[in-house]
Each structure stands twice: as C-alpha cells, then as structure tokens.
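Asker: Sharing a model prediction with you, sequence too.
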Amino acid sequence: QKEVEQNSGPLSVPEGAIASLNCTYSDRGSQSFFWYRQYSGKSPELIMSIYSNGDKEDGRFTAQLNKASQYVSLLIRDSQPSDSATYLCAGLDFRRKLTFGQGTILTVHP
Amino acid sequence: NAGVTQTPKFQVLKTGQSMTLQCAQDMNHNSMYWYRQDPGMGLRLIYYSASEGTTDKGEVPNGYNVSRLNKREFSLRLESAAPSQTSVYFCASRTGQMNTEAFFGQGTRLTVV
C-alpha cells in the first residue's frame, strides 16, 4: 500500500465548475501535506500546503485536512481550461520523508 | 538564482551501462530527494537525504545508489542500467523545516535500450 493514495480520476469538469480532488494517507506520522500541479512535460509546482485540521483558502483553491480520517482534499472553484493538468498530493513525515500519490489528471472543458 | 539544476536533461543508455545523474541546489536547503515518474504512477521516491551526511531509502531504491556529496549536491547512480529504469527522474530540495515545500529540478529523461 502506498503511503499516499489518490484514487480519483481522471476527472473532467466543465469550465466554471468546482473540481474536487481527494487524497488519503496511511502514515499517522505525516504532519504536512502539499498539493502540486504538473503540466505535461514540466516539473511539479506547488499550489498549496496545509498542516492544520480544517480548511485553507488561497484564491480559487481550498485545501482541506482531516487528520482523524487521514484525508486531504483540494477544491478548485471556477475551474478554467488552464487548470487542466495532473494534480499530485504529497505527505511529509517527521523524518522529512516526502511521498506522493499517483496523481489525478484533471481536464476542464470549455 | 538557478534553484535546482539537474544534469543531463536527456540520456540514452544501453542495458548494463552505468551512469550518474547530478543534482545541485543553490538555495541552502538541507533536504534533497530523488524521484522517478512513470505514466500513471505519480512520483515515486527513490532515495532522500534529510540533511547533509544522511541518506535513506524511499519506495523504490533497488538498482540505485545515492551520494550526498555536500549540502548543495545529491547524485543518483545507476550501476547497471535496466530497461525497467527507463523513466523521468526528478530531483527536489527543501529547507528541511516542517511545513515547507519542495522545489523541483527540470527533470532528466532517461531511456535504457
């Protein structure tokens, strides 16, 4: 079992809709979580980080963390075609080990 | 400010050949990581170095070795390349403090024939 799992996808949403991406983790020692976006042929780039239970909002993006359920999510409001990419969830533990999920391919169609 | 620099960007190897992928960062980061990325597999951690002088195995270490040469540089060595090691390899670094993100190099596309 991977330490970080992303089982949803590929995901297709219409322009202007809300895209919901999900991630679960198995290591309760994981302390911080990150969402990265990766365009085809490019390197991953950070969208958001979260380490406290609850919601964290940044513009059109909201990250949610539930440590009791070992669940992390990312909501993208007012989705745009430029949001079409692979979204990677990552967890960081106390040993500074940073592991990623399998990624979710998001397509936003006009 | 170059960030994380990987060399080479592309490489073709024959089965059984060896090579070293180089990674250097100029951000004074403590932690460095090597990942491989295959279609549909996300990023899989090969090895990481939480701080200078330490290295630890990740999810898929078999067939690889690493060296944390100094605080700036973290190299990945393939001693006897196999077709299964055909992949895109990413190096990343971060400060080492909790809650700080990793920054990635541009990747190395390796093909083993």
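Answerer: Received it, and whenever you're ready, just let me know what you need. Numbering: from 1, shown residues only, chains lettered A, B, ... in the order given.
Asker: and residue A:82, what are its phi and psi?
Answerer: phi -70, psi -10 (degrees, to the nearest 10).
Asker: Tell me the residues of chain A that contact chain B?
Answerer: A:2-3, A:6, A:31-32, A:34, A:43-46, A:49, A:51, A:88, A:90, A:92, A:94-103 (Cβ under 8 Å from any Cβ of the partner chain). No exception for glycine: its C-beta is placed from N, CA and C like everyone else's.
Asker: Mind checking which of those land in helices?
Answerer: When DSSP state H is applied, the residues of chain A next to chain B are split such that none fall in helices.
Asker: Now the buried members of the residues you listed.
Answerer: Burial by neighbour count, 16 or more other Cβ atoms under 10 Å in any protein chain shown: within these this picks out A:2-3, A:6, A:32, A:34, A:43-44, A:49, A:88, A:90, A:92, A:96-103.
Asker: hey, where'd the strands end up in chain A?
Answerer: Ranges of strands within chain A are A:4-5, A:11-14, A:19-25, A:30-38, A:45-50, A:54-58, A:61-66, A:71-76, A:85-93, A:98-100, A:104-109, based on DSSP state E.
Asker: closest to residue B:61 out of those?
Answerer: Residue B:61 lies closest, by Cβ to Cβ, to one member of the strands of chain A: strand A:98-100, at 13.1 Å.
Asker: Report all helices and strands that that closest one contacts.
Answerer: Other elements packing on strand A:98-100 under the criterion 3 or more Cβ pairs under 8 Å, 6 or more residues apart in numbering or on different chains; DSSP states H and E are strand A:85-93, strand B:31-37, strand B:43-49.
Asker: If we use 10 Å, what do you get?
Answerer: Packing partners of strand A:98-100 (3 or more Cβ pairs under 10 Å, 6 or more residues apart in numbering or on different chains; DSSP states H and E): strand A:4-5, strand A:30-38, strand A:85-93, strand B:31-37, strand B:43-49.
Asker: possible to save those strands as CSV with mean pLDDT and distance to residue A:16?
Answerer: Putting the helices and strands packed on strand A:98-100 into CSV (pLDDT from 0 to 100; distance: least, Cβ to Cβ, whole Å) gives the following:
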stretch, mean pLDDT, distance to residue A:16
strand A:4-5, 92, 29
strand A:30-38, 95, 19
strand A:85-93, 96, 17
strand B:31-37, 98, 31
strand B:43-49, 97, 30
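Asker: any chance of the ones you listed in a markdown table, with distance to residue A:60 too?
Answerer: Formatted as a markdown table, the helices and strands packed on strand A:98-100 follow (distance: least, Cβ to Cβ, whole Å):
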| stretch | distance to residue A:60 |
| --- | --- |
| strand A:4-5 | 24 |
| strand A:30-38 | 12 |
| strand A:85-93 | 13 |
| strand B:31-37 | 26 |
| strand B:43-49 | 24 |
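Asker: Name the stretch among those strands that sits most buried.
Answerer: strand B:31-37 (a mean of 26; mean count of other Cβ atoms under 10 Å in any protein chain shown).
Asker: For that one, C-alpha coordinates in PDB please.
Answerer: Provided in PDB are the C-alpha atoms of strand B:31-37 (Å, rounded to 0.1, in the frame of the first residue of the first chain):
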ATOM      1  CA  SER B  31      16.800  18.100   2.500                       C
ATOM      2  CA  MET B  32      17.100  16.600  -1.000                       C
ATOM      3  CA  TYR B  33      15.100  14.000  -2.900                       C
ATOM      4  CA  TRP B  34      15.200  11.800  -5.900                       C
ATOM      5  CA  TYR B  35      12.000  10.600  -7.600                       C
ATOM      6  CA  ARG B  36      11.100   8.700 -10.700                       C
ATOM      7  CA  GLN B  37       8.000   9.300 -12.700                       C
END
